[in-house]
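# fold the following and give me the result.
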Amino acid sequence: MSIPFVFWNILKMVSSEHPCYAKILLFSFTAGDGISRESSPFINNAEMDRGNMYEGKNMALFEEEMDSNPMVSSLLNKLANYTNLTQGVVEHEADEDTKRKEVKVPRMGTFIGVYLPCLQNILGVILFLRLTWIVGTAGVLESFIIVFMCCACTMLTAISMSAIATNGVVPAGGSYYMISRSLGPEFGGAVGLCFYLGTTFAGAMYILGTIEILLTYISPSAAIFKAEDGEETEAMLNNMRVYGTCIIILMAVVVFVGVKYVNKLALVFLACVILSIIAIYAGVIKTAFDPPDFPQVLNYCPDYTVTIAIVFPLVDNLWSVYSEKGSIVEKKNQPSVSGSEDIKIGGRPYVFTDIMTYFTMLVGIYFPSVTGIMAGSNRSGDLKDAQKSIPTGTILAISTTSFIYLSCIVLFGACIEGVILRDKFGEAVNGNLVVGTLAWPSPWVIVIGSFFSTCGAGLQSLTGAPRLLQAIARDGIVPFIQVFGHGKANGEPTWALLLTAGICEIGILIASLDSVAPILSMFFLMCYMFVNLACAVQTLLRTPNWRPRFKYYHWTLSFLGMSLCLALMFICSWYYALVAMLIAGCIYKYIEYRGAEKEWGDGIRGLSLNAARYALLRVEDGPPHTKNWRPQLLVLLNLDCEQLVKHPRLLSFTSQLKAGKGLTIVGSVLQGTYLDKCTETQKAEENVKALMGVEKTKGFCQIVVSPSFRDGISHLIQSAGLGGMKHNTVLMAWPQSWKQTENHFSWKNFVDTVRETTAAQQALLVAKNIDLFPTNQERFTEGNIDVWWIVHDGGMLMLLPFLLRQHKVWRKCKMRIFTVAQMDDNSIQMKKDLQMFLYHLRLNAEVEVVEMFENDISAFTYEKTLMMEQRSQMLKQMQLSKNEREREAQLIHDRNTASHSTPAVKASVAASVPEKVQMTWTKEKFVAEKHKNKDTNVSGFKDIFNMKNQSNVRRMHTAVKLNGVVLNKSQHAQLVLLNMPGPPKNRKGDENYMEFLEVLTEGLDRVLLVRGSGREVITIYS
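Residues are numbered from 1 along each chain as shown. Okay, here's the model as predicted:
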């Protein structure tokens, strides 16, 4: 008997007496207890048929979601060995690197994986070649301040880095990965490239240190360029350039051919560093009992020997001794005297300073000696427990190296005379390394140890920098470096290695270790600054995903570290700092403009959301002041059956009117239900966003699905926007096909939209003949923008031409303002007042007052009104049956024929038959009508309207007269802006309202009908 069958019988017996126990037992069974993983129904099994897989199972309720939402047991199975990415990571990582190789099982612990690599990268060339000189020049106190500042900077950065590194799995990529995923691709790319440049220049610095040790302390005779009188420095620089170029070529070949051997030798190089430091401490202990005897030559005391006595030299070395370039190295209060000719001929000349020294320069030279704290995070993929090892190992390594540096400052100041410490190249001690005077058992321990450690550090830089560049290139955020993402078949970054060697050669050509060190200090400090910023931003935003296992951090520490990094940048070299920031800024803007869009859930996006929320709450307090008012547009688009925009020029006009400022919401309505139209909605949104990108319209897209088009427009007008960021103006196209019988509802939607914008106290812009409007690529070299100011609308008609002329399409057009004077108005005074008003508004425009006199209503107006009424009656019959429609049309025809007997009236009535109705008047007909005898024609038309619809006649008369005036003045204008009259209060006249607007704008190419919102939008006050 099978186990499920036995369990089912037990379940039935238990459930009959204790239902609650049955539920517990059922849950225990479904959780997987006692069931092997292979037979679990919750794990996808390709061999099993999907229909049989869930049949009879107790999770059948969720079977339709299994493909997209796997069960927890299946998800945990995938997470077990980290070879598959979690569902949350897939969203922003898997699609970027689908060919990611499986990671080997990590084996390294804290000591081997983090502590020792950090120790090796932090301790290096500056400790052996420059620290004694820094102590002698700056004094013990100022040197202590320099070291303490730099070590505090790296310690605070390590705390921030530990928080970021323990907030989830950090793949290989180190600081670049952490910054880019925390601050976004723009910051990540900019700081990543800066970190790459810093690592590359560090390689150049290590190579220069290697050559300096070789030519100064190991084999001075190997110099190619021999020093002549007064040209020692220049000869040394040339030797650096030649040897440096040869060594960098050799190292590049070694990295290209056998990078695995470089990694294996890392432990040997680290051993050299540790042995050298042990030799220093051992020498200090020995010095207390047996001071060394170094014959040295200084001009003030030729036979002086270096006597080491703890404490006594420390008093003299407490204070700084800065000097100009070319100054003689001498003891305080004991000026140099001229040495004998024998001493000079014997090769023991004066000791001069090679560069001018000051505090800030020493900070820039020293800071590279504390870099290298990212070595542990770079190896996070090889660690057994990265979230525990990275914080522990990094902070222990920084603590250890800080103790070494600070103790060495005190020991050097206490054990060696200041005048010897200031001798950078050990000329006074027979050309030996100054720190070697303390070494035990021999100075050669430090010389050989420092030589191999600098060689190893240079190889490590040439190994790590190309991989960092390759990681940035493969992310695809900087298009022009994507070529460096390729490499050999085994993944080695060949092209990146070549670029790294080329940039490294630039540092070699500089040839001075003291000049290269501040350069890489800038790049490392910038990287550390953004690590602190990333931690601070994530902490303050309190994003749900910010859950680091390292708990000993605070945003104040991160801000302190960021401030310290920024201060050190300008302390080291203010002009280098500005150049580094300029480089990072240019990369940032380039990625923002041309780079691939990435969504990594970064903190800057969260910061933007918080800032937007704060700003929205602020602007919610009340409507904007008139001085801050600008059109916040809701653009209503019509889509065709393929979900494509019917009038793309509407978006062109939007971008011309807005110029990227203010709010723009592009909306459209799909008729139906959302469940049925979900796919069409996504397609429509993609099409609209694509067109917005082409037309450079910056804004938001909102597609609404509604059972009726009318309700959808109403929903957009009511609910588009958020809080204070709502639209105040609606822009739409004139319904050109409103007269067509198959589209007889379009005019109703249009009129209702006009009413709703008025009710919502929003302005309305209606563009007629929108397909004739210019594209963003066109330029008007001349022409006018004519404003017909009939009624006051709050100043919209004045403001819109000003905004349009800010765009390059309309920039060369002139603005003209026309206003209409009635019989009782003083036209001259009106013109003066309007000119003064425009002057106070700071608008440049020509002003003209047009006089419209009252006269008799023409036959043209009566006939136009009659045609409109007859068309209105016919539209009402559209909903009747065919027989009823024919009968009603015949009754209309018979009634009109019986009432009027004149030929002219008969002709007009005949025009009322549906097949022969002419909906618009031509210009020729309009001109001819003016010359007809009014007395013979008007009387017949007046009879029609004696009892009803006199208001329609008056409205048509106004439209005809105003249209004639506008055509006379503005027929050739590039754009005409007109006050848009409101719809009638009686809804029965809506179709007549459309006819009035049609007559008003007839014969004009580009018209923008403007209806104000009822509030002032322009002011004369500052």
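
# what's the local residue count around Leu670?
20 (other Cβ atoms under 10 Å). C-beta coordinates here come from the backbone N, C-alpha and C atoms, glycine included.

# to clarify, my last question referred to Tyr614.
The local packing of Tyr614 (other Cβ under 10 Å) involves 9 other residues.

# list of residues touching the host helix or strand of it?
Under the assignment given by DSSP states H and E, the secondary-structure element containing Tyr614 is helix 603-619. The set of residues external to helix 603-619 that reach it, using Cβ atoms under 8 Å, 6 or more residues apart in numbering, is 182-184, 186-187, 534, 537-538, 541, 543, 599, 722-725.

# what of stretch 200-211?
Outside of stretch 200-211, the residues that reach it under the criterion Cβ under 8 Å, 6+ apart are 124-125, 129, 239-240, 243-244, 247-248, 251, 368, 371, 450-451, 454-455, 457-458, 461-462, 465, 500, 503-508, 510-513, 516-517, 519-520, 523.

# report pLDDT for the closest residue to Lys961 other than its chain neighbours.
Closest residue in space to Lys961, ignoring its immediate chain neighbours: Met852 at 6.1 Å, by Cβ to Cβ, 6 or more residues apart in numbering. If you check Met852, the pLDDT there is 71.

# what does Gly339 give?
At Gly339, the pLDDT recorded in the model is 46.

# run the chain-centre distance for the longest helix seen in the chain.
In terms of residue count, the longest helix belonging to the chain (DSSP state H) is helix 232-287. Averaging C-alpha coordinates over helix 232-287 and over its chain gives two centres that are 41 Å apart (Cα atoms, centre = their mean, to the nearest Å).

# average pLDDT across that helix?
Model confidence over helix 232-287, given as mean pLDDT, is 86.

# check which helices and strands that helix sits against.
Other elements packing on helix 232-287 under the criterion 3 or more Cβ pairs under 8 Å, 6 or more residues apart in numbering; DSSP states H and E are helix 116-122, helix 185-213, helix 386-415, helix 443-475, helix 494-510.

# right, and those helices - which one's nearest Val140?
Val140 sits nearest to helix 386-415 of all the helices and strands packed on helix 232-287, at 3.8 Å, using Cβ to Cβ.

# any idea of the angle the closest one forms with helix 232-287?
90 degrees (axes from the mean of the first three to the mean of the last three Cα atoms, to 10 degrees).

# what about Val169, which SS state?
The three-state label for Val169, taken from DSSP: H, G, I helix; E, B strand; the rest coil, comes out as coil.

# make 246 the first number, not 1, from now on.
Fine by me, first position is 246 from now on; the one you just mentioned is Val414.

# per-residue confidence at it?
In this model, Val414 is scored at 71, pLDDT.

# most neighbours among the contacts of helix 848-864, please name it.
For those, the largest number of neighbours (other Cβ under 10 Å) sits with Ala779, at 30 neighbours.

# re earlier: against Ala1218, how distant is the residue nearest to Lys1206?
Separation of Met1097 from Ala1218 (Cβ to Cβ, to the nearest Å): 19 Å.

# then Leu401?
When Leu401 is compared with Ala1218 (using Cβ to Cβ), they lie 66 Å apart.

# out of these two, which sits in the busier spot?
The neighbour comparison of Leu401 against Ala1218 (other Cβ under 10 Å) goes to Leu401, with 25 against 21.

# just checking, which of the contacts of helix 848-864 belong to helices?
Secondary structure assignment (DSSP H) places Ser427, Leu428, Glu431, Phe432, Ala779, Val782, Gln783, Leu786 from those within helices.

# now for those residues, which pair is the farthest apart?
Farthest apart among the ones in helices among the contacts of helix 848-864 by Cβ to Cβ are Glu431 and Leu786. That separation is 17.4 Å.

# tell me, how many residues neighbour the closest residue in space to Met1041 that isn't next to it in sequence?
Counting by Cβ to Cβ, 6+ apart, Met1041 lies nearest to Gly1257, which is 4.8 Å off, once chain neighbours are set aside. Taking other Cβ under 10 Å as the criterion, the count of residues near Gly1257 is 22.

# can you read off the pLDDT for Gly1257?
Gly1257 carries a pLDDT score of 84 in this model.

# correct me if wrong: it contacts Ala1008.
Yes: the pair Gly1257 and Ala1008 passes the contact test of Cβ atoms under 8 Å, sitting 5.6 Å apart.

# what is in contact with these two at once?
Counting by Cβ under 8 Å, 6+ apart, the residues touching both Gly1257 and Ala1008 are Gly1039, Met1041.
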